[in-house]
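A.B. asks: Next come a sequence and a model predicted from it.
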Amino acid sequence: MNENPDFFKKWLIGLDNEKFYYIARNFLPETSTPFNQENISEDLTSFFLNEEKANSLLSTIDNLDSLLLGIFQITNGASTNQILQLIKPFEKSVESENNEFVYYSYFDNNQKLEEFSYVSLIEHISNLAKRLIILSVNDKFILNPIFGDRLIEKASLSPIFDTHDSYNTDLNTNIIDGEFLRGYLSIVKLNSKLTDYQKRNMVAPLFPAFEVEELLKATELVDNLLEELEIFKPFDTIEYEILQRLIDLSSFDLSVLFLSQAIAPLFENYKKIFIFVKSTLSFLSEIKTFDEKALTFLLETQAIKSEIENTDSIIEKMLDLNIIVKTETAFQTNHFEKEIQPPHPLIFDTDLSVRYLGNRGKNDILWRFSSLSSLDIQTTYKLTKEDFRDALDSSMDKETIYDYIRENCENSANCTAYNYLDLIEKQYSQLSVYDGIVIQADQRISRIIDLHPEMAEHIIKKLADGVYLMSREKETQWTTILEKAGLIIPRRKGDLIQSETFFTNAQWRLSNNYHLKEDQVSILDELELISCELSQSEKNIIQNGVCEKSFNSKFLRAKIELMNLKKAEKQDLLNRLRASMIVDESQIVPHVLDIDISASGFEFRRKVNVCKMATKDENTVLKVTYSTHELLLLVEKVKSESNNEYFVIAKKLPTLETVSLPISKIFNAKIMNYVIN
């Protein structure tokens, strides 16, 4: 059952004496002082590991407890303030006699509207903590691991996520996937951004499934991502290895990457962003349909879990990327693949076009040596000499292309494509064009260059005796070698002498504050390493029905009523039984853990005194019943009027709005001892 008693024991030992003694006296009533904390921690651990007692304690969980447990589980721990922020979308105000009272509402599985007040919410959190069903760790509440899977089975968020809308596949729209990227990149050839005019007139006709504005938005995202990942390099060089890894991502991971880029630049905390986005999209894939409140709730829970501070405008960005689609009444998740699908076969035609249905999957290189003609249900590329030349120019090996064609040939028509490209390659090889620096040396210097062991790697080609084509990119290195050999390097002759400054590749990157290649690789590594599969416990939280409290306290109540106890002792036992803190007969021992300071009904003078007592401790919370509603107040002062009326001046939780309430209209006032953070 995945129980973790060691964590619970360590948590107990870390408590201060007052809190530890309170817990011990509630669950192990015979505990006396002075006490051995280590031994009592063992006894408390044994109490919670006892199956009968643990089941009794867990049977006290009700539907609101169940909802809270789901929140604590899905966030990996949350504070009270974070809980309030999470359920903000479900908040509604009820006015009564010019005062507002905060309530929350949601639908359960039977579409019956459930409501709970702010006061009830706080009491439930406090009570879960007092029962040690949740533990306070680092200012957040987490599920007590000593209960293992039994506690997770009690957690449920189905009332929030169950919209009862059917999934409509007809509403799914286009997404940016590997097929889209291959087609788009085969057109732009990666060396420049197209203008909107060019995209509308040249690119849009090739993507008939996309609306023009939708296509413009998608291509802009692609352009921005390629720039962010620094795919383009000086001197018309391209990071093809990184680009291929990008294209080979599943549509799910590409959606994660594009949404992450839309939220924040990838070089800023990309690990946290990936965790947030992957987890969110995994939940949405499982839920499928949801309303805006549920979506906002999910985003906030994953922000807490991933330590992302701002979720503003994420819904709008998800709609822009077609990750989610708006229905008539709610939203649904667009369909995207989490795994790369097997490639569909190619059909080579005699007109040098290549057709296939569906997708081509990982490591496909067709886009490198051809151009997209149409991307629809059937995708078509066209082989041209310009595309083939560009592939060879990018240092793509011709045999790699030939092997690809041979591997995918299924009929004799493919020979046309093979023969055509082979002819183009022969013409291509008849002329060589180099980008470099030509140096001319006399016979003595030529011998030095030929024999120097460090110069060979910098010579692109020896054009003739004493004439060398040198690497432009590594100019600084080879000129330094020659200078150390005692040579004087003259200024360049020709057009380049007019240039002010020449940067090497490394200098160019530094001057533009570009990140190193390792950063790009680590981004994609991290994206692929982060798991996107929901755990079984997370799936259970979505699917579980909320729990109904099944604990029967009649026997224990009768036992308490029949005991010969002092009034305070009996009241304390009954209060703790009502709060589900007593679940076993062994806990019924006459002592007082919580002093009941309250007044109600016609006890006017006592109500005034209780309100005054609430001003003495800044951590004290006063619970009052006013106009049939319950409020939690941080009392600042009690003032009297000439007509013998008293008013309590306080800040109302959670809004901290200052209110002035006549004590005569307060039916009940009670000082509360809360265990909340």
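C.D. replies: Arrived safely. Numbers count the residues shown, from 1 in each chain.

A.B. asks: what residue ranges in the stretch 551-677 of the chain score low on pLDDT?
C.D. replies: Within the stretch 551-677 of the chain, the ranges that satisfy pLDDT under 70 run 618-619, 673-677.

A.B. asks: residue ranges for the strands of it, please.
C.D. replies: With DSSP state E, counting those that start in this stretch as the criterion, the stretch 551-677 of the chain has strands at 598-600, 621-626, 629-640, 646-652, 657-662, 666-672.

A.B. asks: can you list the ones you listed in a markdown table and add distance to Leu215 and mean neighbour count?
C.D. replies: Every residue, glycine included, has its C-beta placed from N, CA and C. A markdown table is the format used below for the strands of the stretch 551-677 of the chain (distance: least, C-beta to C-beta, whole Å; neighbours: other C-beta atoms under 10 Å):
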| stretch | distance to Leu215 | mean neighbour count |
| --- | --- | --- |
| strand 598-600 | 67 | 18 |
| strand 621-626 | 57 | 21 |
| strand 629-640 | 54 | 17 |
| strand 646-652 | 52 | 20 |
| strand 657-662 | 50 | 14 |
| strand 666-672 | 59 | 20 |
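
A.B. asks: of the ones you listed, which approaches Met202 most closely?
C.D. replies: With C-beta to C-beta as the criterion, Met202 lies closest to strand 657-662 of the strands of the stretch 551-677 of the chain, at 59.7 Å.

A.B. asks: neighbours around the nearest residue to Thr329 once chain neighbours are set aside, how many?
C.D. replies: Excluding its sequence neighbours, the residue lying closest to Thr329 (C-beta to C-beta, 6 or more residues apart in numbering) is Asp165, at 6.3 Å. When counting by other C-beta atoms under 10 Å, one arrives at 16 neighbours for Asp165.

A.B. asks: Isn't Asp165 up against Thr289?
C.D. replies: Yes - the pair Asp165 and Thr289 qualifies as a contact (C-beta atoms under 8 Å) at a distance of 4.3 Å.

A.B. asks: joint contacts of the two?
C.D. replies: For the pair Asp165 and Thr289, residues contacting each of them under the criterion C-beta atoms under 8 Å, 6 or more residues apart in numbering are 327, 330, 332.

A.B. asks: Among the residues you listed, name the ones in strands.
C.D. replies: Secondary-structure check on those using DSSP state E: residues within strands are Gln332.

A.B. asks: out of the shared contacts of Asp165 and Thr289, who's nearest Leu622?
C.D. replies: Using C-beta to C-beta as the measure, the one of the shared contacts of Asp165 and Thr289 that approaches Leu622 most closely is Ala330, at 40.7 Å.

A.B. asks: Might you report the residue contacts of Ser353?
C.D. replies: With contacts defined as C-beta under 8 Å, 6+ apart, Ser353 is in contact with 373, 380-383.

A.B. asks: from those residues, which ones fall inside strands?
C.D. replies: When DSSP E defines the strands, the subset of the contacts of Ser353 inside them is 373, 380-382.

A.B. asks: ok, back up a step: take the contacts of Ser353 and lay them out in a markdown table including neighbour count and pLDDT.
C.D. replies: Putting the contacts of Ser353 into a markdown table (neighbours: other C-beta atoms under 10 Å; pLDDT from 0 to 100) gives the following:
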| residue | neighbour count | pLDDT |
| --- | --- | --- |
| Ser373 | 16 | 95 |
| Thr380 | 18 | 96 |
| Tyr381 | 25 | 96 |
| Lys382 | 16 | 94 |
| Leu383 | 22 | 92 |
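
A.B. asks: Which one of these is nearest to Leu171?
C.D. replies: Within those, proximity to Leu171 (C-beta to C-beta) peaks at Thr380, which comes in at 27.3 Å.
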